[in-house]
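Visitor: give me a model of this one.
(2 chains, ligands or ions: 2)
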Amino acid sequence: MYRQMARIRMFEERAAELYRAGELPGFLHSSVGQEAVAVGVCAHLTPGDVITSTHRGHGHVIAKGARLDRMMAELYARETGYCRGKGGSMHIADLDLGILGANGIVGGGIPIAVGAALALRLRGERRVAVSFFGDGATNTGAFHEGLNLAAAWEVPCVFVCENNEYAESTSRRVHQRVKDVVTRAVAYDLPGTIADGMDVFSVYAVVGEAIARARQGRGPSFVEAKTYRFSGHHLGDPGTAYRSKEEVEVHRRRDPIKLFREKLVREGLASSAELEAIDGEVAAELEQAVRFARESPLPKPETALEDIYS
Amino acid sequence: MRKITYREAVREALREEMIRDARVFLLGEDIAEFGGSYKVTEGLLAEFGPERVRNTPISEAAIVGAALGAALMGMRPVAEIMYIDFIGIAMDQIVNQVAKVKYMFGGKARVPLVLRTQGGGGRSSGAQHAQSLEAWFVHVPGLKVVMPSTPYDAKGLLKSAIRDDNPVMFIEHKLLYATQGEVPDADYTVPLGVADVKRDGRDITVVATSRVVHLAMAAADRLATQGIEVEVVDPRTLVPLDEEAILASVKKTNRLVIAQEATPRCSVASEIAAIVTERAFDDLDAPIARVTALPTPVPFAPALEQHVLPDEEKLIAAVHAALQ
Ligand SMILES: Cc1ncc(C[n+]2csc(CCOP(=O)(O)OP(=O)(O)O)c2C)c(N)n1
Ligand SMILES: [Mg+2]
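Guide: Numbers count the residues shown, from 1 in each chain, chains lettered A, B, ... in the order given. Ligands and ions are numbered 1, 2, ... in the order given. Prediction:
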């Protein structure tokens, strides 16, 4: 789990650097600060389980097993990327890994996860679907329709809301009145629990129950993970127009990776030296990924016409 | 005359109409403190306050529906949908409610509603943030559709749209926000339904929309050095469409290329081609040509995106072919 958290953090930080250096086109949404949610959830998933993700999806797909080199190649818009350069950061997908795609449409993945879960149930498999989405997404029709449908059909789906208190620049105080997002689960008669999204152990414990429930055929449930994004909405947004430096500082003090490290060392589960060794390995993996991406060919223009229909 | 950006021109129109008419208010995602994804509404919250510059949840259907409700009650809402790509979510409200209430109610309703949004590619934004979907709205009776290409047109057309008693889709282009153009200080409007001949020419007509107007102007400059005089016609509003201006130009040049950033099937270019074929077939000396995006989703990779979208070279090639 520590390795996965480090992979996400370092991937995001390196991608931000490369983006600022002008090497990556498009725009990028960093998940730095939210790593514990992706990792705490996906630690329960088998390769056969599926997820739907969001515009802020690098962490989810890495935690679900995506390779850094093919992800980086996609960010570099290369032929070897997960989507042959057609998707970019917001659309990374690998159906073989159970990743039904990041998504550029807020809320777009929620009903898709419900349908995927339905398919798993129809086929009598003990696999589950997990849908990641933000607090902002809980104001979309797709969210409400998706939750209701999941409840009505009792599909094996777990809804994971990463509540980072903002939808772009809009504070949750402005965009919804519920104190906790999880309140919304009540309306659909879904069990709902809050996890501390900065503490991977908390996420792991809470989501574990939800996933076990889905796997045992006891229906969908809802988890609200309270978290925070340390950077702006995307890399072009300094994130300062709508929140104070102090607010960001308060949350940074609860950096999920720092907390995790401290706990591992404190409880004797790992030594600092071991964790540093993991960091070193991840850094090497990442440099290899960047090299792979840079050396990969650009897609040939005529491939633009491929992949539209089967 | 002073020069301002397209972004500033849109903002000035909003600001001046909000001063002029207390019924005008804005709603949309992240338009308040943040000033909108493309900073069009920057500063308006400070000037007009949160009642008239309203941040909404991510609820496109509710944004449009609420704007309609307010319009029916006599307000003049200007709603923003951050990207035209997200408008699918609001499509029922637009197509079944906004566009039709007046008609279904036997003419009794008035819907002074403007829906501002922006589209277009060229920034590697990917397939869900780069589309040109204007034809969807052109297809639906009851909606007016505006696509300005310059700061002057953007300001004047937006003022007309806000003062109009009908629902108007006002479609900006993300790559035009930073472009500059002359805009007078004094109040003016550009009427809906009047095309603008952006460049006079005798050899061939290029009808172009939105950002492609600028590609057509650049192509026309280059073709002029080869002795080919291109007339560039910008319809500016797609509904109502200034058919007469397009036909007048075709009658003069006898050749027509229609250029747009949208994909070709059932598009505005197709519609204009049909109109010209119906009404001026005998004036044509060559088949009408369309320069459009390839019929694909907009790809992320810059190399692919360039290949898919129209550009100057493709326009020049089409003009040469039409002149053969
Ligand atoms: C349907 C739709 N509306 C608006 C947007 C623009 N947009 C992208 S991300 C975002 C905020 C999402 O907030 P949240 O769901 O809380 O996720 P977070 O960014 O905080 O991770 C918005 C408004 C979009 N992509 N899709
Ligand atoms: Mg959020």
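Visitor: show me what the mean pLDDT comes to for the helix ranked longest in chain A.
Guide: Counting residues, the longest helix found in chain A (DSSP state H) is helix A:272-295. Helix A:272-295 comes out with an average pLDDT of 98.
Visitor: now it - C-alpha only, PDB.
Guide: The C-alpha trace of helix A:272-295 is given here as PDB (Å, rounded to 0.1, in the frame of the first residue of the first chain):
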ATOM      1  CA  SER A 272      12.300   4.500   7.600                       C
ATOM      2  CA  ALA A 273      15.100   2.900   5.700                       C
ATOM      3  CA  GLU A 274      12.700   0.400   4.100                       C
ATOM      4  CA  LEU A 275      10.300   3.200   3.100                       C
ATOM      5  CA  GLU A 276      13.100   5.200   1.600                       C
ATOM      6  CA  ALA A 277      14.200   2.200  -0.300                       C
ATOM      7  CA  ILE A 278      10.600   1.900  -1.700                       C
ATOM      8  CA  ASP A 279      10.700   5.600  -2.600                       C
ATOM      9  CA  GLY A 280      14.000   5.000  -4.500                       C
ATOM     10  CA  GLU A 281      12.500   2.100  -6.400                       C
ATOM     11  CA  VAL A 282       9.400   4.100  -7.400                       C
ATOM     12  CA  ALA A 283      11.600   7.100  -8.500                       C
ATOM     13  CA  ALA A 284      13.500   4.700 -10.700                       C
ATOM     14  CA  GLU A 285      10.300   3.200 -12.100                       C
ATOM     15  CA  LEU A 286       9.000   6.700 -12.800                       C
ATOM     16  CA  GLU A 287      12.200   7.800 -14.600                       C
ATOM     17  CA  GLN A 288      12.000   4.700 -16.700                       C
ATOM     18  CA  ALA A 289       8.300   5.600 -17.500                       C
ATOM     19  CA  VAL A 290       9.300   9.100 -18.600                       C
ATOM     20  CA  ARG A 291      12.000   7.700 -20.700                       C
ATOM     21  CA  PHE A 292       9.600   5.200 -22.300                       C
ATOM     22  CA  ALA A 293       7.100   7.900 -23.000                       C
ATOM     23  CA  ARG A 294       9.600  10.300 -24.500                       C
ATOM     24  CA  GLU A 295      11.100   7.600 -26.700                       C
END
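Visitor: buried set for it?
Guide: A:275, A:279, A:282, A:285, A:286, A:289, A:290, A:292, A:293 (16 or more other CB atoms under 10 Å in any protein chain shown). C-betas here are computed from N, CA, C, even on glycine.
Visitor: would TSV of these with distance to ligand 2 be doable?
Guide: Below are the buried residues of helix A:272-295 laid out as TSV (distance: CB to the ion, whole Å):
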residue	distance to ligand 2
A:275	29
A:279	28
A:282	26
A:285	29
A:286	26
A:289	27
A:290	29
A:292	32
A:293	28
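Visitor: show residues contacting the longest helix of chain A.
Guide: Where contact means CB atoms under 8 Å, 6 or more residues apart in numbering or on different chains, the residues beyond helix A:272-295 that reach it are A:2-3, A:6-7, A:10-11, A:14, A:18, A:67-69, A:71-73, A:75-76, A:78, A:80-81, A:261, A:264-265.
Visitor: could you redo the last one with a cut-off of 10 Å?
Guide: Helix A:272-295 has contacts (CB atoms under 10 Å, 6 or more residues apart in numbering or on different chains) with A:2-11, A:13-15, A:17-18, A:23-24, A:67-78, A:80-81, A:257, A:260-261, A:264-265, A:269-271.
Visitor: state the distance from the closest residue to residue B:294 other than its chain neighbours to ligand 2.
Guide: Distances taken as CB to CB, 6 or more residues apart in numbering or on different chains place residue B:308 nearest to residue B:294, at 4.7 Å, with adjacent residues excluded. Between residue B:308 and ligand 2 the distance is 32 Å, computed by CB to the ion, to the nearest Å.
Visitor: contact partners for residue B:308?
Guide: Listed by CB under 10 Å, 6+ apart, the contact partners of residue B:308 are A:301, A:304-305, B:121, B:130, B:261, B:263, B:292-299, B:301.
Visitor: ok, of the residues you listed, which come out buried?
Guide: Buried among the contacts of residue B:308 by 16+ other CB under 10 Å: A:304, B:121, B:130, B:261, B:263, B:292-294, B:296-299, B:301.
Visitor: take the contacts of helix A:272-295 and keep only those in helices.
Guide: Taking DSSP H, the ones among the contacts of helix A:272-295 that sit in helices are A:2-11, A:13-15, A:17-18, A:68-75, A:257, A:260-261, A:264-265.
Visitor: residues near the residue of the stretch 51-200 of chain B found nearest ligand 2, how many?
Guide: For the stretch 51-200 of chain B, the residue closest to ligand 2 is residue B:58, as judged by CB to the ion, at 9.5 Å. Residues near residue B:58, counting by other CB atoms under 10 Å in any protein chain shown, number 28.
Visitor: how about it, what does it touch?
Guide: Applying CB under 10 Å, 6+ apart to residue B:58 gives the contacts A:105-107, A:134-143, A:167-168, A:170, A:175, B:29-30, B:82, B:86, B:89.
Visitor: pLDDT at residue A:123, what is it?
Guide: On pLDDT, residue A:123 comes in at 96.
Visitor: make that residue B:60, sorry
Guide: Residue B:60 carries a pLDDT value of 98.
Visitor: any idea how far the residue of the stretch 51-200 of chain B closest to ligand 2 lies from ligand 1?
Guide: According to CB to the nearest ligand atom, to the nearest Å, residue B:58 and ligand 1 sit 5 Å apart.
Visitor: same question, residue B:15
Guide: Residue B:15 sits 24 Å away from ligand 1, going by CB to the nearest ligand atom.
Visitor: likewise for residue B:294?
Guide: From residue B:294 across to ligand 1, the span is 24 Å (CB to the nearest ligand atom).
Visitor: just to revisit the earlier point, in helices, which of the contacts of residue B:58 appear?
Guide: Those of those lying in helices (DSSP H): A:141, A:142, A:143, A:175.
Visitor: show me which residues of the stretch 51-200 of chain A sit near ligand 1.
Guide: For the stretch 51-200 of chain A, the residues in contact with ligand 1 (CB under 6 Å from any ligand atom) are A:55-56, A:104-106, A:133-137, A:164, A:166-168.
Visitor: now, among those, which is nearest to chain B?
Guide: Proximity of those to chain B (CB to the nearest CB) peaks at residue A:104, which lies at 3.4 Å.
Visitor: correct me, but that closest one touches residue B:125?
Guide: Yes: under the criterion of CB atoms under 10 Å, residue A:104 makes contact with residue B:125 at 8.4 Å.
Visitor: what sits in contact with each of those two?
Guide: Common neighbours of residue A:104 and residue B:125 (criterion: CB under 10 Å, 6+ apart): A:88, A:90, B:83, B:85.
Visitor: OK, contacts around residue 19?
Guide: All of this is about chain A. Contacts for residue A:19 were tallied using CB under 10 Å, 6+ apart; they are A:25, A:26, A:27, A:28, A:30, A:75, A:89, A:234, A:235, A:236.
Visitor: oops, wrong one, chain B.
Guide: Neighbour list for residue B:19: B:47, B:48 [criterion: CB under 10 Å, 6+ apart].
Visitor: pLDDT value on it, please?
Guide: pLDDT, residue B:19: 98.
Visitor: same deal with the one 4 residues further on?
Guide: Per-residue confidence (pLDDT) for residue B:23: 98.
Visitor: ok, residue B:44 next?
Guide: Looking at residue B:44, its pLDDT is 98.
Visitor: gap between it and residue A:239?
Guide: Residue B:44 sits at a distance of 21 Å from residue A:239 (criterion: CB to CB, to the nearest Å).
Visitor: cool, and residue B:196?
Guide: Counting by CB to CB - residue B:196 and residue A:239 are separated by 41 Å.
Visitor: near chain B, which residues of the stretch 101-250 of chain A are found?
Guide: Counting by CB under 10 Å from any CB of the partner chain, the residues of the stretch 101-250 of chain A close to chain B are A:102-108, A:134-143, A:166-172, A:174-176, A:233-234, A:236-237, A:241-243.
Visitor: 7 Å instead?
Guide: A:104-106, A:136-137, A:139-141, A:167-170, A:174-176, A:241-242 (CB under 7 Å from any CB of the partner chain).
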